[in-house]
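Trainee: just need the structure, nothing else, for what follows:
(2 chains)
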Number of protein chains: 2
Amino acid sequence: MAPDDADSVLVLGIDPGTAITGYGIVRRRGVGRVALVECGVIRTSSKENLPHRIREIFEGIDELMERYRPHAVSVEDVYHGPNARTALTLGHARGAILLAASLRELPIAEYTAPEIKKAVVGTGRATKDQVGFMVKQQLKLKEQPSPADAADGVAAALAHCLMGSFPR
Amino acid sequence: MAPDDADSVLVLGIDPGTAITGYGIVRRRGVGRVALVECGVIRTSSKENLPHRIREIFEGIDELMERYRPHAVSVEDVYHGPNARTALTLGHARGAILLAASLRELPIAEYTAPEIKKAVVGTGRATKDQVGFMVKQQLKLKEQPSPADAADGVAAALAHCLMGSFPR
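Mentor: Numbers count the residues shown, from 1 in each chain, chains lettered A, B, ... in the order given. The predicted structure is shown next:
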């Protein structure tokens, strides 16, 4: 779906994970005017092998890009590195996501979790619940996006709407 | 290029890296009869951003798969985890490689570096030079593949030729 007016920009926010990748599509019309278009999660089964799971993430994200034609992608970066094995596995999922955006020539913004929290909540140390609450407030939703991974995807999109630059 | 006889199997071996990804294509005709088809490296520039570099790796590997139509892909896994940040970056490159193979429905084998060294040299603690030497010996090459990353890609392919199963 193309944006319905010239000033509007669509941002696809993504919180990458091998098991659950959260996403949110946020429309931005000028400074401070934001609206949620869709959010959700891509789940993969731990019974499948890693290449299969990576492919599911790639195809899920690519399908969202095909459907909504976002102007930019905002991907959560890893700030506090977990252990090397976890980081390696997470890197596979992130690689598939960055690749999907790169193959479509989309601008990619990367923000650490504290940067996203600071932009959305006002503090880099916000809890998951505070992020969900502020996402709900800022986008005037009836409820917080669920599961929390979906809210994190929306928060990544929202952070880019608030902090990113949008060359025309 | 399709294999030129019914019993032959082509294996694409890959040593993933963000800066240099080594590869080798080895033809296996029955047990112990192996020949090198091609080897080399895919280099990416550290001046480019990560999504661009991942895309170059993906497209380079995909082009090899298109040209040679391998029957299987053998990818070096990480055994001794480096630090989390390094592992995360390496994961991006591996993710792009596993995705390329998965999108083409190719069987993927993963071996740790010690497993590859054990199969090719006889000891999991072999040095880079020993790996290069044994790759040269086993494939009856005039010289060791260069750079060492290319030899590591060949070694990954060779390990799968020696250890892997090839259902017909």
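Trainee: for the nearest residue to A:Cys161 once chain neighbours are set aside, what are its contacts?
Mentor: Once flanking residues are discounted, A:Cys161 sits nearest to A:Arg28: 4.2 Å by CB to CB, 6 or more residues apart in numbering or on different chains. To be clear about C-beta, it is placed using only N, CA and C from the backbone, and glycine gets the same treatment. Applying CB atoms under 8 Å, 6 or more residues apart in numbering or on different chains to A:Arg28 gives the contacts A:8-11, A:34, A:161, A:166.
Trainee: least confident pick among those residues?
Mentor: Among the contacts of A:Arg28, A:Phe166 has the lowest pLDDT, at 76.
Trainee: and the gap between the spatially closest residue to A:Thr44 that is not a sequence neighbour and B:Ile54?
Mentor: Excluding its sequence neighbours, the residue lying closest to A:Thr44 (CB to CB, 6+ apart) is A:Arg53, at 3.9 Å. A:Arg53 sits 17 Å away from B:Ile54, going by CB to CB, to the nearest Å.
Trainee: so which of the two has more stuff around it?
Mentor: Between A:Arg53 and B:Ile54, counting by other CB atoms under 10 Å in any protein chain shown, B:Ile54 is the more crowded of the two (29 against 25).
Trainee: can you tell me the element the more buried one falls in?
Mentor: Assigned by DSSP states H and E, B:Ile54 belongs to helix B:50-68.
Trainee: quick check: what element follows that helix along the chain?
Mentor: Per DSSP H and E, the first helix or strand lying C-terminal to helix B:50-68 is strand B:72-77.
Trainee: please see if that next one touches chain A.
Mentor: No. Between strand B:72-77 and chain A, judged by CB under 8 Å from any CB of the partner chain, nothing touches; the nearest distance is 9.0 Å.
Trainee: check which helices and strands that strand sits against.
Mentor: Here strand B:72-77 touches strand B:8-15, helix B:84-103, strand B:108-112, helix B:113-120, helix B:148-163, going by 3 or more CB pairs under 8 Å, 6 or more residues apart in numbering or on different chains; DSSP states H and E.
Trainee: contacts for it, please.
Mentor: Here strand B:72-77 has contacts from B:9-16, B:65, B:94, B:97-98, B:101, B:106-113, B:116, B:152, B:156-157, B:159-160, B:164, B:166, using CB under 8 Å, 6+ apart.
Trainee: contacts only, for the residue in chain A positioned nearest to chain B.
Mentor: Chain A approaches chain B most closely through A:Gly91 (1.9 Å), counting by CB to the nearest CB. With contacts defined as CB under 8 Å, 6+ apart, A:Gly91 is in contact with B:87-92, B:94-95.
Trainee: looking at chain A, which residue lies furthest from center?
Mentor: For chain A, the largest distance from the centre (CA atoms, centre = their mean) belongs to A:Lys47, which lies 25.0 Å off.
Trainee: good, wrapping up.
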